[in-house]
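Novice: Just to be clear, the model below is a prediction. Sequence and coordinates:
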Amino acid sequence: MTPVLKSLEAKGYAVRKRSTADERSVSVFLTESGEALKEQAVEIPAKAAGCVGLKPEEAMQLYSLLYKVLRAGE
């Protein structure tokens, strides 16, 4: 997790803050840039679905099968 957080921090999308009550605890917050990126990311699934040309029910079936494959690898 740390490498991902470092990358997000380096790009200015997130900041980490250590708790003053418990130094073992670290909270992660999105910056304004991170929030803007999050808003853009919401549109990605719909755009991707439009490129594939699947009907909504076909897309849901594909999602279910892919998720099942991913869970099998755990």
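Specialist: Right, received. Where do you want to start?
Novice: Please make it C-alpha for all contacts and neighbour counts, starting now.
Specialist: Will do.
Novice: Residues in contact with the least confident helix or strand in the chain by mean pLDDT: which ones?
Specialist: Ranked by mean pLDDT, DSSP states H and E, the weakest helix or strand in the chain is helix 44-52, scoring a mean of 80. Under the contact criterion Cα atoms under 8 Å, 6 or more residues apart in numbering, helix 44-52 has outside partners residue 59.
Novice: roughly how far is that helix from the heart of the chain?
Specialist: 16 Å (Cα atoms, centre = their mean, to the nearest Å).
Novice: going forward can the numbers begin at 209, since that is how I track them
Specialist: Got it, first residue is 209 now, which makes that one helix 252-260.
Novice: Next secondary structure element downstream of that helix?
Specialist: Per DSSP states H and E, the first helix or strand lying C-terminal to helix 252-260 is helix 264-280.
Novice: domain ranges for the chain?
Specialist: Here the domain parsing of the chain from automatic domain parsing is 209-250, 251-282.
Novice: Next, the angle from the least confident helix or strand of the chain to helix 264-280.
Specialist: On the basis of axes from the mean of the first three to the mean of the last three Cα atoms, to 10 degrees, helix 252-260 is oriented at 110 degrees to helix 264-280.
Novice: Can I get helix 252-260 as CSV, trimmed to CA atoms?
Specialist: Below are the C-alpha coordinates for helix 252-260, written out as CSV (Å, rounded to 0.1, in the frame of the first residue of the first chain):
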residue,chain,number,x,y,z
ILE,A,252,-14.5,5.6,-17.0
PRO,A,253,-16.8,2.6,-16.7
ALA,A,254,-19.5,4.1,-18.9
LYS,A,255,-16.9,5.2,-21.5
ALA,A,256,-15.2,1.7,-21.5
ALA,A,257,-18.6,0.0,-21.9
GLY,A,258,-19.4,2.2,-24.9
CYS,A,259,-16.1,1.1,-26.6
VAL,A,260,-16.8,-2.6,-26.1
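Novice: rewinding a little: quick one: the domains of the chain as JSON lines, columns for mean neighbour count too.
Specialist: Listed next are the domains of the chain as JSON lines, based on neighbours: other Cα atoms under 10 Å:
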{"stretch": "domain 209-250", "mean neighbour count": "12"}
{"stretch": "domain 251-282", "mean neighbour count": "10"}
